[in-house]
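Participant: I need the structure of the sequence given here:
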Amino acid sequence: MAFARILRSSALMGGASVLVLLAGFFRTKAIALMVGPEGVGLAGTLVNFNTIFALAAGWGIGTAGVRLVAAAAPAERPAKTAAVRWLGRRLSWLGLLAMAVVFWPVGLWTFRSEESHILELGLAGLAVPFLVAAGMWGALLQAGGHLRVLATTQVLSAFAGIVLGLPLIYVCHQAGHSLFGVALGILVATASPSLLSWWAARRHCPVDPAVVADPVAVKELLHLGGALMVVGLLFQLSQYVARMVVLQELGLVAAGHYQAALAIASSLPGFVFAAMATDFFPRVAAAPDEQEARQLVEKQIQAGLLLALPFLAALLTMGRVCIHWLYASANFGPAIPLLPWMVWGVFLRLVSWPLGFWLQARGSSRLVLGAELISNLILALLPLALVGPFGLRGAAIAFAAGGCAYAVLMVLVMRYRTGHWLGGQTIAWAVGSAAALGLAQYAVPPSAGDFTGLLPTGLIAAVSAWIFFDVMRREARETPIRP
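Facilitator: Numbers count the residues shown, from 1 in each chain. This next block holds a predicted model:
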């Protein structure tokens, strides 16, 4: 795939992700203003709980479904699509049952002395089957290459969640049940993507009722999906452990500060990760050979660094502005020093995540499980080791160190499986990008004014934009870009 094509698809999904992020920021800001750090901390915990159980119940169908359908021959696609739909429906009901069984004991372990929050956990947990169903429908749209439809669905879902969810939070807040309203708002916001994805998939990925689900494809989904489910579950559990360490060692307010910094650090460059999940993953799964798959990985790393660099520079140099603008409260001041560490952790993930997607798309289940088990064990142990001596800052340091460990591990796995290291050009992009970010951070000391970071950020954005348009023009002349 041409570099320009990757930039093009990343920009498409990036535009949708930016709008989704704006909607998420608006919802988070509303919660912060109405409820405060406690509400933000509870929302982060509830969302993480839902994600973990949706991953377990979904059995990796979102990722396995994309890999199965995208790599299938045209004649085999209807039966394999039917297999994804057949399995996805049953997994959704299984998710509801699993949540009903485990939410109470998990709530007791999570909140301990604050058992009143267990009911909020159960209410928000009703979103689990919706998350599983949304993953199934999204997989069909991704595998079919309907990126514009998927992007539109994501945007509409995000704003539908605001329109429907925030009034409920407000009404509950006025009635003196703010945290109950947060849980109810999460449930409503999660149901919207599922319903809209179902409508879009029915229209753009129709299945003839006469087509029977391929039993071999169902077995393949269960086998591959099980490995991918464990991978996703390990990552979410490691994130959950980090939150629980902060929550239990430092309290719910500190968990809100941690969640505030993490949300900003992870969300602004999130459009790059969205593009990886929606366009890059099915393409690398369908690559005819390992050489082309490796080239796709290298180009995706370069494209991700180019697109995300201005956002990361803004977070490093104007983190105080971002925190104050988003949360509009002096209560979130402790989140400010956490942000730089988390930004560097996200930067390292720009290099490692394409390698992770490549491994999931091309590697064996055993290799995928082994690599992810090691990396997520490190991610879970680091907060346990660092929060005690360093407090809340230790959780942020653990996030950055975990990103570094994952990047090193993925590069070693690539060398082991292909016999090749990352190419010199990709390494140069990564080193150059890190140097640019380091200089920007060094140029704006903490004592400088809030908007001093506009100068280095603007310079980095201008250089990135010049490279972007130069690549688009050059490759458009050399190779016509098909829509």
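Participant: helices or strands up against the helix or strand that contains residue 42?
Facilitator: When elements are assigned from DSSP states H and E, residue 42 belongs to helix 37-58. With contacts taken as 3 or more CB pairs under 8 Å, 6 or more residues apart in numbering; DSSP states H and E, helix 37-58 sits against helix 3-34, helix 77-111, helix 118-125, helix 128-143, helix 178-204, helix 215-250, helix 252-267. C-beta: built from backbone N, CA, C; applies to glycine.
Participant: now do the following helix or strand past it, average pLDDT.
Facilitator: Once the chain leaves helix 37-58, the next helix or strand it forms, by DSSP H and E, is helix 61-70. Helix 61-70 shows a mean pLDDT of 80.
Participant: in helix 61-70, what's buried?
Facilitator: For helix 61-70, burial by neighbour count (16 or more other CB atoms under 10 Å) applies to 61, 62, 63, 64, 65, 66, 67, 68, 69, 70.
Participant: wait, the third one touches residue 230, no?
Facilitator: Right, the one you point to is residue 63. No - between residue 63 and residue 230 there is no contact under CB atoms under 8 Å: 11.7 Å.
Participant: just to revisit the earlier point, dump the helices and strands packed on helix 37-58 into JSON lines; add mean neighbour count as well.
Facilitator: Compiled in JSON lines, the helices and strands packed on helix 37-58 are given as follows (neighbours: other CB atoms under 10 Å):
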{"stretch": "helix 3-34", "mean neighbour count": "20"}
{"stretch": "helix 77-111", "mean neighbour count": "19"}
{"stretch": "helix 118-125", "mean neighbour count": "20"}
{"stretch": "helix 128-143", "mean neighbour count": "26"}
{"stretch": "helix 178-204", "mean neighbour count": "21"}
{"stretch": "helix 215-250", "mean neighbour count": "20"}
{"stretch": "helix 252-267", "mean neighbour count": "24"}
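Participant: show me which helix or strand of the protein is least confident by mean pLDDT.
Facilitator: helix 270-275 (a mean of 64; mean pLDDT, DSSP states H and E).
Participant: so which of the helices and strands packed on helix 37-58 is nearest residue 359?
Facilitator: Checking the helices and strands packed on helix 37-58 against residue 359 by CB to CB gives helix 215-250 as the closest, at 9.1 Å.
Participant: which elements pack onto the closest one?
Facilitator: Taking 3+ CB pairs under 8 Å, 6+ apart as the contact cut, helix 215-250 packs with helix 37-58, helix 61-70, helix 77-111, helix 252-267, helix 365-390, helix 392-418.
Participant: swap in 6 Å and give it another go.
Facilitator: helix 37-58, helix 61-70, helix 77-111, helix 252-267, helix 365-390 (3 or more CB pairs under 6 Å, 6 or more residues apart in numbering; DSSP states H and E).
Participant: tilt between that helix and helix 61-70?
Facilitator: 150 degrees (axes from the mean of the first three to the mean of the last three CA atoms, to 10 degrees).
Participant: run the angle between helix 215-250 and helix 37-58 for me.
Facilitator: Using the same axes, to 10 degrees: helix 215-250 against helix 37-58 is 160 degrees.
Participant: now do helix 215-250, average pLDDT.
Facilitator: Confidence for helix 215-250, expressed as mean pLDDT, is 80.
Participant: again, but for stretch 392-403
Facilitator: Averaged across stretch 392-403, the pLDDT comes to 93.
Participant: stretch 23-33 now?
Facilitator: 77.
Participant: can you list contacts of that stretch?
Facilitator: Outside stretch 23-33, the residues that touch it by CB atoms under 6 Å, 6 or more residues apart in numbering are 39, 40, 43, 158, 159, 162, 166, 326, 327, 329.
Participant: among those residues, who's most crowded?
Facilitator: Of all those, residue 40 has the most neighbours under the rule other CB atoms under 10 Å, reaching 29 neighbours.
Participant: counting by contacts, list what the stretch of helix or strand residue 462 belongs to packs against.
Facilitator: Residue 462 belongs to helix 454-478 when elements are defined using DSSP H and E. Other helices and strands packing on helix 454-478, by 3+ CB pairs under 6 Å, 6+ apart, are helix 3-34, helix 290-317, helix 424-443.
Participant: need the ones you listed in CSV (columns: distance to residue 383).
Facilitator: Below are the helices and strands packed on helix 454-478 laid out as CSV (distance: least, CB to CB, whole Å):
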stretch, distance to residue 383
helix 3-34, 22
helix 290-317, 21
helix 424-443, 24
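Participant: closest one to residue 175 among the ones you listed?
Facilitator: Closest approach to residue 175 among the helices and strands packed on helix 454-478 is made by helix 3-34 (12.1 Å; CB to CB).
Participant: between the helix holding residue 42 and helix 118-125, how big is the angle?
Facilitator: Using the same axes, to 10 degrees, the direction of helix 37-58 lies 50 degrees away from that of helix 118-125.
Participant: would you mark the buried spots in helix 37-58?
Facilitator: Of the residues in helix 37-58, 37-58 count as buried by neighbour count, 16+ other CB under 10 Å.
Participant: stretch 402-409 too?
Facilitator: Within stretch 402-409, the residues that count as buried by 16+ other CB under 10 Å are 402, 403, 404, 405, 406, 407, 409.
Participant: gap between it and the chain center?
Facilitator: 17 Å (CA atoms, centre = their mean, to the nearest Å).
Participant: run through who's touching that stretch.
Facilitator: Here stretch 402-409 makes contact (CB under 6 Å, 6+ apart) with 345, 348, 349, 351, 352, 375, 378, 379, 382.
Participant: make it 8 Å
Facilitator: 238, 344-349, 351-352, 356, 371, 374-375, 378-379, 382 (CB atoms under 8 Å, 6 or more residues apart in numbering).
Participant: which of those are buried, as a PyMOL select command?
Facilitator: Selection of buried members from the contacts of stretch 402-409 for PyMOL, criterion 16+ other CB under 10 Å:
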select buried, resi 238+344+345+346+347+348+349+351+352+356+371+375+378+379+382
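Participant: fine, thanks again, bye for now.
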